[in-house]
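> Mind looking at a prediction? Sequence and model below.
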Amino acid sequence: MEKFTSHTGVAVPLKRSNVDTDQIIPAVYLKRVTRTGFEDGLFAAWRSDPSFVLNRPEYASASVLVAGPDFGTGSSREHAVWALQNYGFKVVISPRFADIFRGNAGKAGLLAAQVDEKVVQKIWDHLEDHPGATVTVDLETRTVKAGEGVDAIEDSFDIDDYTRWRLLEGLDDIGITLGHEDAISSYESTRPSWKPVTLH
Amino acid sequence: MGKTLAQKVWDEHVVRSAEGEPDLLFIDLHLIHEVTSPQAFDGLRLAGRTVRRPDLTLATEDHNVPTIDWDKPIADPVSATQVETLRKNAAEFGVRLHPLGDLDQGIVHVVGPQLGLTQPGMTIVCGDSHTSTHGAFGAIAFGIGTSEVEHVLATQTLPQAKPKTMAVTVNGSLPAGVTAKDLILYLIAQTGTGGGQGYIVEYRGQAIEELSMEGRMTVCNMSIEWGAKAGLIAPDQTTFDYIEGKPEAPTGADWDAAVAHWRTLVTDADASFDKEIVIDAADVTPFVTWGTNPGQGVPLGGNVPTPADFEEEQDRVAAEKALEYMGLEAGTPMRDIKVDTVFVGSCTNGRIEDLRLAASILQGHQVAEGTRLLVVPGSVRVRNQAIEEGLDKIFTAAGAEWRGAGCSMCLGMNPDQLAPQERSASTSNRNFEGRQGKGGRTHLVSVPVAAATAVRGTLSSPADLEA
Ligand code: SF4
């Protein structure tokens, strides 16, 4: 997993609450056998509407999603996170995330930044006035920033310490376990020889 | 204080343990099939990782494969892609694969034991909930998700929080004609589908000791329908006799060392469980389900229940919904329910002993007019052995369809499916809505009930054939 310290990117206002995983990626898109290529299915139902925010040219290169509360509820499908990442998103900002989604996001390296509901509203207003504007999310200082001068928005976001540490270090679960390689090797050296193997 | 069997096996596999963190467990055997592995291999590729222990990994094709014309290309494109992807991944990462047409192709939970790879005291995982089957050998065996499959591929370990332990003691002997399947259906019906939630369950007592390995696998298999994390049974002479001589079983001095260790894998007399349930084997009768979850079961001699009789509101609503889906009237005797299709197979009841039992009941009988019987061996080895014993002739003479190995009608993923509203008596493990095909209606039954039902066309026991 890549290390995540800070990210600045075009932010999209997704002015909806309770965006569930069936909306993020409908079940018909889950048939793929890879971890990539799910961008087609991202918000598939909404994207068929030409006026949907992601279809607007100023958001073509968006990498920060700013959504309403209760983002990612519904099924446990990991594909929801993969779809967002495959599309190009690095960060989702929301006042509240569903637990499983937050967990899956942390595992896969998508930053789920939880901010106050008022902050989301302020960012939405800012993006309304400046479509295509960027938002900066700094994981080291746990801050989100948008705009400049007197209208600048700067606030903190919540993320649990363990997930923050893993993202900063670029460690996925497998990376962390491989950090205990010594312990695994020494365990392996003590396994009895009569234990079965599949290759001879 | 002493340890339970589950604690002993767990402790033997802890690679690393730290305060406030889950234990890191070493995995002795990782089984793989085509449905839950593709993204895991793709994840390895994206991260530039390899399979740490291909020598502890085994793949087979089961969920998507057809049970007729298996030498022809798979017709459904999604199924074909999954199977093809598994083949490519196995080749690329050096994993042993038993593909369609191979002697050891079959349901992953039938293949592990028949190869002798499933042994006491092991940790076994697979991206499939019925991995609990392998617990019958005194192993800790449980299903995992695709991210965990990737984790095991890359590290041969899995971080796991220690579950609680439960003992289910079955005293006395099962009555004649009552099988392991009836026992587990009875247990689930008595205590609900959440009865085992959060536990590793050890089954013990006289009735369990008297079960064959096949029967023990049936019980452990359906631990999942009971909500348990895993189910296991202490290994004994029955276990050792089953393993001895299997292709991957230890031999010579290794065998002696293995058995010496396996004999230590019992719950100590002074060990304690977090929960204990005791049942009397004499209370168990042939059991069948009437509803759409495995806990909605009654004795075969009983009636379809009346929803209003359930005390809990949620049970009442669930029963109403189930009866509507199943197209059943409250109060109907279970024996009057007419069945369109009988399925003998799956990782619950698709082993040689199951086929022998089915054949012994079908011998000299005909499948009822208007009913079809599908007999699907769990693996090619089971199929070949059945042919060697002449069981296939009994099945075809009775008018049954004798198929190739795979999950088949256990789930609606391959060509063997129920049509909408078609009713089955099935030896598999799940009767969820649509499980055997969209709109299909499933009654879970034991092998003897399945065979007798095929002959009479209505839910029946072998005793009904004599009348
Ligand atoms: S036979 Fe059924 S339960 Fe067993 S592995 Fe196959 S699909 Fe799953």
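That came through, no problem.
> how about the helices in the stretch 51-200 of chain B?
Per DSSP state H, counting those that start in this stretch, the stretch 51-200 of chain B carries helices over the ranges B:77-93, B:108-114, B:146-155, B:180-191.
> most neighbours per residue, which of the ones you listed?
Greatest average neighbour count among the helices of the stretch 51-200 of chain B goes to helix B:108-114 (a mean of 27), per mean count of other C-beta atoms under 10 Å in any protein chain shown. Where C-beta positions appear, they are placed from N, C-alpha and C, glycine not excepted.
> ok, it near chain A or not?
No: judged by C-beta under 8 Å from any C-beta of the partner chain, helix B:108-114 makes no contact with chain A; its nearest approach is 9.7 Å.
> for that helix, what is the average pLDDT?
The average pLDDT for helix B:108-114 rounds to 98.
> Present the helices of the stretch 51-200 of chain B as JSON lines; the columns should include distance to the ligand.
Shown next, in JSON lines, are these (distance: least, C-beta to the nearest ligand atom, whole Å):
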{"stretch": "helix B:77-93", "distance to the ligand": "13"}
{"stretch": "helix B:108-114", "distance to the ligand": "6"}
{"stretch": "helix B:146-155", "distance to the ligand": "15"}
{"stretch": "helix B:180-191", "distance to the ligand": "13"}
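> Just the residues contacting the helix of greatest length in chain A, thanks.
Identified as the longest helix of chain A according to DSSP state H is helix A:117-129. Helix A:117-129 is contacted by residues A:11-13, A:15, A:66-69, A:93-95, A:133, A:135, A:144, A:146-147, A:151, A:153, A:155 when judged by C-beta atoms under 8 Å, 6 or more residues apart in numbering or on different chains.
> Quick one, which of those residues are buried?
A:11-13, A:66-68, A:93-95, A:133, A:135, A:144, A:146-147, A:155 (16 or more other C-beta atoms under 10 Å in any protein chain shown).
> Find the residue closest to residue A:177 in space, skipping its chain neighbours.
In this structure, residue A:177 finds its nearest non-sequential neighbour in residue B:155, 4.5 Å apart by C-beta to C-beta, 6 or more residues apart in numbering or on different chains.
> For that neighbour, which residues are in contact?
Residue B:155 is in contact with A:174, A:177-178, A:184, B:52, counting by C-beta under 8 Å, 6+ apart.
> And for the closest residue to residue B:125 other than its chain neighbours, the neighbour number?
In space, residue B:125 comes closest to residue B:144 once its chain neighbours are excluded; the distance is 5.0 Å by C-beta to C-beta, 6+ apart. Applying other C-beta atoms under 10 Å in any protein chain shown, we find 22 residues neighbouring residue B:144.
> and residue B:144, how far is that from residue B:126?
Applying C-beta to C-beta, to the nearest Å, the value for residue B:144 to residue B:126 is 7 Å.
> Mind putting the contacts of residue B:155 into CSV with distance to residue A:159, neighbour count and secondary structure?
Converted to CSV, the contacts of residue B:155 look like this (distance: C-beta to C-beta, whole Å; neighbours: other C-beta atoms under 10 Å in any protein chain shown; DSSP: H, G, I helix; E, B strand; the rest coil):
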residue, distance to residue A:159, neighbour count, secondary structure
A:174, 21, 22, helix
A:177, 22, 23, helix
A:178, 23, 17, helix
A:184, 29, 20, helix
B:52, 31, 20, coil
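> just these now: which is nearest the ligand?
If you rank these by distance to the ligand using C-beta to the nearest ligand atom, residue B:52 comes first, at 24.9 Å.
> Residue B:95 is in contact with that closest one, correct?
No: Residue B:52 is beyond contact range of residue B:95, at 11.5 Å (criterion: C-beta atoms under 8 Å).
> Alpha carbons of the longest helix of chain A, as PDB, please.
Extracted C-alpha coordinates of helix A:117-129, given in PDB (Å, rounded to 0.1, in the frame of the first residue of the first chain):
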ATOM      1  CA  GLU A 117     -21.600  18.000   9.600                       C
ATOM      2  CA  LYS A 118     -21.100  21.800   9.500                       C
ATOM      3  CA  VAL A 119     -17.800  21.400   7.800                       C
ATOM      4  CA  VAL A 120     -19.300  19.300   5.000                       C
ATOM      5  CA  GLN A 121     -21.900  22.000   4.500                       C
ATOM      6  CA  LYS A 122     -19.100  24.700   4.300                       C
ATOM      7  CA  ILE A 123     -17.100  22.700   1.800                       C
ATOM      8  CA  TRP A 124     -20.200  22.100  -0.300                       C
ATOM      9  CA  ASP A 125     -20.900  25.800  -0.300                       C
ATOM     10  CA  HIS A 126     -17.400  26.600  -1.200                       C
ATOM     11  CA  LEU A 127     -17.500  24.000  -4.100                       C
ATOM     12  CA  GLU A 128     -20.800  25.500  -5.300                       C
ATOM     13  CA  ASP A 129     -19.100  28.900  -5.600                       C
END
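> Fine, thanks again, bye for now.
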